[in-house]
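> Predicted coordinates and the sequence they were generated for:
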Amino acid sequence: MEFNYRCSTCRAVYDIAPQLTVCPVCSQHQQKDQPLTGVLEVELHGPLTMPFAAVDMLPVEPVYFPPIPVGNTPLWEPENLRRSSGFQHLFIKDDGSNPTASFKDRASFLVSAAATKFNIPDIALASTGNAGSSMAGIGAAAGQRITLFLPKSAPRAKLVQALQYGATVHRVNGNYDMAYDISLEFSKIKGGMNRNTAYNPLTIEGKKTVSLELFKQLGRAPDILFVAVGDGCILAGVYKGFRDLQQLDLIPSIPRIIGVQAETSNALFRAFTTGKFEKQPASTVADSICVDVPRNGIHALAQVKRFNGEMMTVSDNEIIEAQTSLAGSTGLFAEPAGAAAFAGFLKAAPGLDPDAVIVVLSTGNGLKDSASAALGIEVPETLIDSVEDII
Ligand SMILES: *Cc1c(COP(=O)(O)O)cnc(C)c1O
């Protein structure tokens, strides 16, 4: 297989090179507080040798892969939920089981591999928490130096996790959007690779592997897939995987993908409705999908429109309730952003075909943010001294 970059805006073709991030031409029209213009996509060419292996569809050779087992996450068949919801072909893809406990490992893995290939020992990025702890963990395995910019509100567990992995962490006196801008300035001055989501095209490309795995695990593409959306990079990655499978004649069509946002962090949902991105301050209990400016908004939205996808929102209460009901009925404890996709499924369920093959993407482990998780339960305050106290 051969690979190149193609600009998702002007369609120009470029060789894959480490210093290339967004399209040099289109990014000159980048406006402040708007999603990235000129996001680059990896394009693949040539026939696939059978039997089909996902690694053959990636633009970095396996010899450069970091020594840490990312992906190949389990696809759950939640019996209780299937019975209670009436959806007999409901699946949950548990990406919280990745090495650093979130979906972000798929992107970090490919970025790390490219950095190794091009002999770049330093990687910098901004993150709400998961991308940072992910890059830190995978960088630790690969022997790379990671510099991370985190918003001041990032959950403690994610901060601690990144520090455990040995990353240099700068806490930004502001939100994720501020961290994003500072990290880009840092990379311009310091060089090295920047892993900011969507800005580095390999983040989207790495995320496509979830679709390739789903195809392998199901023996087909799902009919419907629910995915939580912040910057829109997972959403675009999921589409990219299915588009590659379709290009190679492995699936007949692109599944219906439903992007789920928090009501109070819904920039992509609003743009889906109005056609325009307007910055509005976001805040939600699901910190991983809390973004003012969805960096991959333009690119992701174009795919949702082209392939008849949908955007929907769920309230913070619905997210908290979904988190508890998912944990209590399946044994899968997801962080709020991960549970948001499930909340979307619960809300949309009355309008869905009960025979459809439905996948809910659970993107992060619940232990990542125990403060938010505590909102949906009651922690016992009374201490007992003996068994008589409770029987
Ligand atoms: C990053 C993240 C998302 C959203 O991904 P985007 O690419 O920002 O849309 C969803 N869930 C979790 C747990 C995440 O870490």
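All right, it came through fine.

> hey, let's count contacts and neighbours off CA atoms from now on
OK.

> The helix or strand containing Val238 - contacts with which helices or strands?
Element membership for Val238, per DSSP states H and E: helix 233-247. On a contact count with 3 or more Cα pairs under 8 Å, 6 or more residues apart in numbering; DSSP states H and E, helix 233-247 meets helix 201-207, helix 209-218, strand 224-228, helix 297-306.

> could I get these as TSV with mean neighbour count?
Shown next, in TSV, are those (neighbours: other Cα atoms under 10 Å):
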stretch	mean neighbour count
helix 201-207	28
helix 209-218	20
strand 224-228	26
helix 297-306	19
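
> Make a markdown table out of these and add mean pLDDT and distance to the ligand.
Shown next, in a markdown table, are the helices and strands packed on helix 233-247 (pLDDT from 0 to 100; distance: least, Cα to the nearest ligand atom, whole Å):
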| stretch | mean pLDDT | distance to the ligand |
| --- | --- | --- |
| helix 201-207 | 98 | 8 |
| helix 209-218 | 98 | 13 |
| strand 224-228 | 98 | 5 |
| helix 297-306 | 98 | 9 |
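
> Help me confirm that Gly364 comes into contact with Asp95.
Yes: between Gly364 and Asp95 there is a contact under Cα atoms under 8 Å: 6.2 Å.

> Mutual contacts of those two, please.
By the contact definition Cα atoms under 8 Å, 6 or more residues apart in numbering, Gly364 and Asp95 are jointly contacted by Ala101, Ser102, Phe103.

> And the pLDDT for the first one?
If I follow you right, that is Ala101. At Ala101, the model reports a pLDDT of 97.

> again, but for Ala53
85.

> quick revisit: okay, the angle between the helix holding Val238 and helix 297-306?
Counting by axes from the mean of the first three to the mean of the last three Cα atoms, to 10 degrees, helix 233-247 lies at 50 degrees to helix 297-306.

> what's in contact with helix 233-247?
Contacts for helix 233-247 (Cα under 8 Å, 6+ apart): 44, 197-198, 203-212, 221, 227-229, 251-255, 259, 296, 299-300, 303.

> wait, does it contact the ligand?
Yes: shown here: helix 233-247 in contact with the ligand (Cα under 6 Å from any ligand atom) through Cys233, Ile234.

> Hey, what's the angle from that helix to helix 209-218? Just curious.
Using the same axes, to 10 degrees: helix 233-247 against helix 209-218 is 50 degrees.

> what's near enough to touch the residue of the stretch 1-150 of the chain found nearest the ligand?
Residue nearest to the ligand within the stretch 1-150 of the chain (Cα to the nearest ligand atom): Asn130, separated by 4.9 Å. Applying Cα under 8 Å, 6+ apart, we find Asn130 in contact with Ser102, Lys104, Lys158, Ser288.
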